[in-house]
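Engineer: please find the sequence and the predicted model below.
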Amino acid sequence: MYDGEQGEFVAERKTGPLLEVEDLRVEFRTRDGVASVLNGVSYYVEAGETLAVLGESGSGKSVTAQTIMGILDVPPAVVLGGEVRFHGENLLAARPSRRMEVRGDGIAMIFQDALSALNPVFTVGFQIEEQLRVRRGMSRAEARKRAIELLDLVKIPNAKGRVKSYPHEFSGGMRQRAMIAMSLALDPELLIADEPTTALDVTVQAQIMDLLRDIQRERDMGLILITHDLGVVAEVADRIAVMYAGRIVEQADVFALFREPRHPYTEALLASLPRLDLKGQELTAIKGLPPSLARIPSGCPFHPRCARARDVCTKDVPEFRRLPGDRFSACHFAEELVRHG
Ligand code: SF4
């Protein structure tokens, strides 16, 4: 909307969370058996906020994102239940045409591997322009002009010249920028970034994260950042949802979670982080491996690796419950955890 006082366009504020995922349950049915990939995932994102979804590989972070986007391979995936509400509308119950409308316009996604996400046989410019022509009805010239603006926005040098380049002519960092430009073409209100910097070197990683943060602030966009990197989370997130074995095990504001984790898994992740103030001390690795989703342990799925496990943990699944301070934990003993470090 246009803000007369500021003399510029600003994002329109709507009430309520932008996106709410509630009790999402997904399994994969293959010839080798059934894997319970999501076992009741719930989280929300507000406009202008960054939610980091943190967890080891196979914890269900990306499957949740694919379900939100409606790009899950069905079969082998089967959505057993739950809701994905965008501005209150349950997308899981929406018609395919409505889902297509929301994709790009409402919610866009960037992937870890830009090379396989971009089409190698079309120029980067064409891939941005195509969306603008089909979805916005722009003429060829208008779409080209906007594509150049978008490449400029993501700081691709000589955007006017590079708009005619093919993906393989870009470096890894430039390809990731091009994918960000493509995802922003339809002005989405929510961007899901699935491990957007994992394949890049450290300097480029920092540049891409800075770019995402700047664009998000400028547009008051919601951002779901999927990552296994606690360092990235500490720098950019407002809130964190920690996933383990297809469940959210802890959700809290970034400061509260780093200062005082309320789940032993989060506690163990933080203890495995190098810290300047503990120079010389050994890092603590989390013992064991994440469970196979085809054979999730009984009770608390983290119990075989948990240093705090007791008898009840092997039998009763802990409820994901609200704690004081608008935070959540799925541990029987969340209240007993002491200050980290
Ligand atoms: Fe550990 Fe038990 Fe808490 Fe699970 S419920 S995280 S096993 S203490």
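Structural biologist: That came through, no problem.
Engineer: what are the buried residues along stretch 33-43?
Structural biologist: Ala35, Ser36, Val37, Leu38, Asn39, Gly40, Val41, Ser42, Tyr43 (16 or more other C-beta atoms under 10 Å). Quick note: C-beta positions are derived from backbone N, CA and C, even for glycine.
Engineer: show me what that stretch is in contact with.
Structural biologist: Applying C-beta atoms under 8 Å, 6 or more residues apart in numbering, the external contacts of stretch 33-43 come out as 20-28, 51, 53, 60, 63-64, 67, 77, 82, 241, 243, 245-248, 251, 292-294, 296, 320.
Engineer: give me the buried entries from these.
Structural biologist: Of the contacts of stretch 33-43, these count as buried by 16+ other C-beta under 10 Å: 20-21, 24-28, 51, 53, 60, 63-64, 67, 77, 82, 241, 243, 245-248, 251, 293, 296, 320.
Engineer: hmm, stretch 285-294 touching the ligand?
Structural biologist: No. Judged by C-beta under 6 Å from any ligand atom, stretch 285-294 stays clear of the ligand, getting no closer than 11.7 Å.
Engineer: brain fart, stretch 236-244
Structural biologist: No. Using C-beta under 6 Å from any ligand atom, stretch 236-244 never reaches the ligand; the gap is at least 8.8 Å.
Engineer: and that stretch, which residues are buried?
Structural biologist: Applying 16+ other C-beta under 10 Å to stretch 236-244 flags Val236, Ala237, Arg239, Ile240, Ala241, Val242, Met243, Tyr244 as buried.
Engineer: what sits against Val204?
Structural biologist: Gly172, Gly173, Gln176, Thr197.
Engineer: how about a cut-off of 6 Å?
Structural biologist: By C-beta atoms under 6 Å, 6 or more residues apart in numbering, Val204 lies in contact with Gly173.
Engineer: what about the helices in the stretch 51-200 of the chain?
Structural biologist: Under the criterion DSSP state H, counting those that start in this stretch, helices of the stretch 51-200 of the chain are mapped to 61-69, 96-105, 114-117, 124-136, 140-153, 159-162, 172-184.
Engineer: ok, and what's touching the second one?
Structural biologist: Counting contacts by C-beta under 6 Å, 6+ apart, the residues outside helix 96-105 that touch it are Gly70, Leu91, Leu186.
Engineer: please pick the buried ones from those.
Structural biologist: The neighbour-count test (16+ other C-beta under 10 Å) marks Gly70, Leu91 as buried among the contacts of helix 96-105.
Engineer: could I get the contacts of helix 96-105 in a markdown table, plus columns for pLDDT?
Structural biologist: Compiled in a markdown table, the contacts of helix 96-105 are given as follows (pLDDT from 0 to 100):
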| residue | pLDDT |
| --- | --- |
| Gly70 | 91 |
| Leu91 | 95 |
| Leu186 | 90 |
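Engineer: quick revisit: narrow the buried ones among the contacts of stretch 33-43 to those in strands?
Structural biologist: 20-21, 24-28, 51, 53, 77, 82, 241, 243, 247-248, 251 (DSSP state E).
Engineer: just those residues now: which is nearest Ala268?
Structural biologist: Met243 (14.0 Å; C-beta to C-beta).
Engineer: and the closest one, what pLDDT?
Structural biologist: Met243 carries a pLDDT value of 96.
Engineer: repeat for Cys306
Structural biologist: 95.
Engineer: can you tell me the closest non-neighbouring residue to it?
Structural biologist: Excluding the flanking residues, the one nearest Cys306 by C-beta to C-beta, 6 or more residues apart in numbering is Pro264, at 4.9 Å.
Engineer: burial measure for that neighbour, as a count.
Structural biologist: Neighbours of Pro264 under the rule other C-beta atoms under 10 Å: 26.
Engineer: touching, it and Arg305? I think so.
Structural biologist: No. If you go by C-beta atoms under 6 Å, Pro264 and Arg305 don't touch, sitting 8.7 Å apart.
Engineer: show me where pLDDT drops low in the stretch 151-300 of the chain?
Structural biologist: 199, 274-283 (pLDDT under 70).
Engineer: how many neighbours does the closest residue to Ala114 other than its chain neighbours have?
Structural biologist: Leaving out its chain neighbours, the residue that sits closest to Ala114 by C-beta to C-beta, 6+ apart is Arg175, at 3.8 Å. For Arg175, the tally of surrounding residues (other C-beta under 10 Å) stands at 21.
Engineer: cool, and Val254?
Structural biologist: 18.
Engineer: so who does it touch?
Structural biologist: Ala237, Ile240.
Engineer: how near is it to Gln216?
Structural biologist: 15 Å (C-beta to C-beta, to the nearest Å).
Engineer: equivalent analysis for Pro17, please.
Structural biologist: 16 Å.
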